[in-house]
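Participant: This is a predicted model, with the sequence first.
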Amino acid sequence: MKHTYTVTGMTCNGCKASVENAIKSIPEVESVSVSLEAQEAAIEMSYHIATENLQRVLSSKYQITEKEGGNIFKDASETSKSELKQLFPLFLIFGYITIASILLNYKPWNGTEFMLDFMGLFYIVFSFFKLLDLKGFPESFKMYDPLAKVMPVYSWVYPFIELALGILFLMRIEIPIALIITLVILGITTIGVTKILLNKKTIQCACLGTALKLPMTKATFIENSIMIVMAITMLIKTYN
């Protein structure tokens, strides 16, 4: 989608280049064209970026505001198709994890072992994508995770927490502790995701790091909910 913004404070070609480079640094931006004469910026983005996030990357010398009537939106059906296309990697990964967990436990079928393998593979695969861009992941993660917002270091260690949990589940080590940690960290993240969805904000989901640009959607909420339900189920079985 393409959005047009008014950018004030630009006085020379150096200013124009500075604004373009700053906006291009945002992962969701696909292309940007800045006009010094019109004091405008036309931004092609994978999905809508909040104006305050654009302002955050700019120097205080420049002010960016969304231009009324200057945005080109796709109709509902096109937007829906676009979201499904963007989420395809997430669905594909979930499918692979589910099939692998079923194959490991189908003969004889063992539901408990299936859930442990699913959770272990989930954490291993998702931590892998986060570790691909360990520098970029924290910035995206702290946009919606409540704990990461107040404790930035948590964003840096989170991928390693996921990796450790994946190993614990697959190796069947300290399962009750791993389940409790799962409930805590995914519970906190789900609170943040729920707030984003209720406020209808459009931001990048960091569930697969920044290597794959996924929008924050209900799929993210469902993904976390599945893991939370599995963790609760396993804890009930453990202590019954």
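Facilitator: Arrived safely.
Participant: C-alpha from now on. contacts and neighbour counts both.
Facilitator: OK.
Participant: Next, work out how far apart A219 and S33 are.
Facilitator: From A219 across to S33, the span is 32 Å (CA to CA, to the nearest Å).
Participant: Those two - which one has more neighbours?
Facilitator: Remark: of A219 and S33, S33 carries more neighbours, 17 against 13, as counted by other CA atoms under 10 Å.
Participant: tell me the SS of that one?
Facilitator: With DSSP: H, G, I helix; E, B strand; the rest coil as the basis, S33 sits in strand.
Participant: Now for it: which residues touch it?
Facilitator: E20, A41, A42, I43 (CA atoms under 8 Å, 6 or more residues apart in numbering).
Participant: Show me what the host helix or strand of the last one is packed up against.
Facilitator: According to DSSP states H and E, I43 maps onto strand 40-45. Strand 40-45 sits against strand 2-8, strand 29-35, with contacts defined as 3 or more CA pairs under 8 Å, 6 or more residues apart in numbering; DSSP states H and E.
Participant: chain center to the next helix or strand after it, what's the gap?
Facilitator: Of the helices and strands lying after strand 40-45 in sequence (DSSP H and E), the nearest is helix 51-57. Chain-centre distance of helix 51-57: 18 Å, with CA atoms, centre = their mean, to the nearest Å.
Participant: what about the residue lying closest to M115 once chain neighbours are set aside, how many neighbours?
Facilitator: Setting aside the residues directly before and after it, M115 is nearest to M230 in space (CA to CA, 6 or more residues apart in numbering), at 6.6 Å. When neighbours are counted by other CA under 10 Å, M230 registers 19.
Participant: Distance of M230 relative to F88?
Facilitator: 23 Å.
Participant: cool, M171 as well?
Facilitator: Taking CA to CA, one finds M171 at 30 Å from F88.
Participant: now swap in D133 and tell me
Facilitator: 20 Å.
Participant: Kindly reformat the helices and strands packed on strand 40-45 as TSV containing mean pLDDT and distance to T190.
Facilitator: Formatted as TSV, the helices and strands packed on strand 40-45 follow (pLDDT from 0 to 100; distance: least, CA to CA, whole Å):
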stretch	mean pLDDT	distance to T190
strand 2-8	87	30
strand 29-35	90	26
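Participant: Kindly reformat those as a markdown table containing distance to I161.
Facilitator: Below are those laid out as a markdown table (distance: least, CA to CA, whole Å):
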| stretch | distance to I161 |
| --- | --- |
| strand 2-8 | 37 |
| strand 29-35 | 30 |
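Participant: Could you identify which of those strands is most buried?
Facilitator: With neighbours taken as mean count of other CA atoms under 10 Å, those reach their highest mean count in strand 2-8, at a mean of 19.
Participant: since we're on R56, how many residues are nearby?
Facilitator: R56: 13 neighbours (other CA under 10 Å).
Participant: confidence score at it?
Facilitator: R56 carries a pLDDT value of 88.
Participant: Flag the shaky bits of the chain, pLDDT-wise.
Facilitator: 68-84, 86, 201-204, 210-217 (pLDDT under 70).
Participant: Let me see the ranges of the helices in it.
Facilitator: 13-24, 51-57, 76-105, 111-131, 137-141, 146-150, 152-171, 175-198, 218-239 (DSSP state H).
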